[in-house]
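K.L.:
need a 3D model of the sequence below.
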Amino acid sequence: MRTGLKDKHIVITGASGGIGFDVVSRFLEEGAKVTACYHSDPRGLKTLLDAFPGKLNNVSADVQDEFSVESLFIKANAAFGRVDVAVANAGIASHEGVAIHAMSIDRWHKTLAVNLTGVFLCAKHFIANLKMYPGDDASLVIVGSTSGEFGEAGYCDYSTSKAGLKGLLLTLKNEIVHLSVRGRVNLVNPGWTVTPMAEVALNDKAMVSKILQTIPLRKVAAPADIAHAILYLASDKLAGHVSGQTITVAGGMEGRVLFSTDEVMDDIRQ
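P.N.:
Next comes the predicted model:
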């Protein structure tokens with residue numbers, strides 16, 4: 001079944017990262033027009049310009065700065081017109097776990113500024129774009145994390161920033177319909193995924209063993225696994241009656257141990 005995303009205009013933040021780059025590629029393969037937002041380095045996005053001529057607009061923006069996000073949507077509108085879908089994917093995480101009593105206020109502020117305020121600003125200016133360019137259909141897909149569901153010791157800044165997205169989701173799905181009658185807002189919560197952000201942890205076999213003990217499917221997600229869920233929610237054809245929902249893409253992950261270390265190590269050796 002086709003997604004119906006051909007010629008739709010998609011804005012994607014965090015577009016040069018592991019999940020974001022895959023999301024950009026999937027939308028382009030569906031024939032969509034994409035405004036790909038990166039912070040400082042477009043990385044592989046440059047290679048897609050030649051592969052998809054006239055379909056990709058790469059824009060640098062800082063999602064924690066309102067002027068920058070507003071400018072992103074102005075540039076997006078100028079390039080391809082109304083933004084039909086926004087994917088709020090940009091996020092940061094520290095590689096160092098720090099207990100709350102030792103965590104600096106600067107780290108706390110920085111994580112929430114990007115992961116929570118950045119999504120707020122993306123949503124704000126996406127919905128403002130809907131007011132400027134009326135239409136019946138629209139979709140906002142927010143990218144969170146299982147850390148916002150289960151918490152994560154040593155990373156209260158990250159888990160709090162991701163948990164806050166649920167409240168934003170449940171409010172915005174009621175607001176968006178006043179500007180687009182079939183407008184939808186949904187949340188994707190990835191679990192452990194093979195990305196540069198998770199590279200340090202996933203290179204540690206002992207850490208991977210601990211991770212897989214909580215996952216029934218006993219594997220770490222690929223960026224494509226997350227991208228496919230985002231593609232589904234973005235599509236009015238596939239998910240046109242889905243709004244206010246959270247899809248967790250984590251192999252059935254639970255906040256408890258399901259397998260012994262020996263059972264998991266057998267999977268790693270294979």
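
K.L.:
quick one: what helix or strand has the residue nearest to residue 265 when sequence neighbours are not counted in it?
P.N.:
Nearest in space to residue 265, with sequence neighbours left out and distances taken as Cβ to Cβ, 6 or more residues apart in numbering, is residue 209 at 5.9 Å. All C-beta spots, glycine's among them, are computed from the backbone N, C-alpha and C. Using DSSP states H and E, residue 209 sits in helix 205-212.

K.L.:
buried stuff in that helix?
P.N.:
208-209, 211-212 (16 or more other Cβ atoms under 10 Å).

K.L.:
helices and strands around the helix or strand following that helix, which ones?
P.N.:
Using DSSP H and E, the helix or strand that follows helix 205-212 towards the C-terminus is helix 223-234. Counting contacts by 3 or more Cβ pairs under 8 Å, 6 or more residues apart in numbering; DSSP states H and E, helix 223-234 is packed against helix 18-29, strand 85-88, strand 137-143, strand 182-190, helix 236-239, strand 246-249.

K.L.:
would you turn these into TSV with mean neighbour count?
P.N.:
Putting the helices and strands packed on helix 223-234 into TSV (neighbours: other Cβ atoms under 10 Å) gives the following:
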stretch	mean neighbour count
helix 18-29	24
strand 85-88	29
strand 137-143	25
strand 182-190	24
helix 236-239	17
strand 246-249	18
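
K.L.:
list the contacts of stretch 38-51.
P.N.:
With contacts defined as Cβ atoms under 8 Å, 6 or more residues apart in numbering, stretch 38-51 is touched by 14-16, 20-21, 24-25, 28, 36, 56, 58-63, 90.

K.L.:
got it, and stretch 122-135?
P.N.:
Residues from elsewhere that reach stretch 122-135 (Cβ under 8 Å, 6+ apart): 11, 13, 63, 69-70, 72-73, 76-77, 81-84, 86, 88, 90, 138, 140, 142, 168, 172, 175-176, 179-180, 183, 185.

K.L.:
list the residues that contact residue 157.
P.N.:
Residues in contact with residue 157 (Cβ under 8 Å, 6+ apart) are 94, 103, 107-108, 111-112.

K.L.:
how about low-confidence regions in the stretch 1-150 of the chain?
P.N.:
Scanning the stretch 1-150 of the chain for pLDDT under 70 picks out 1.
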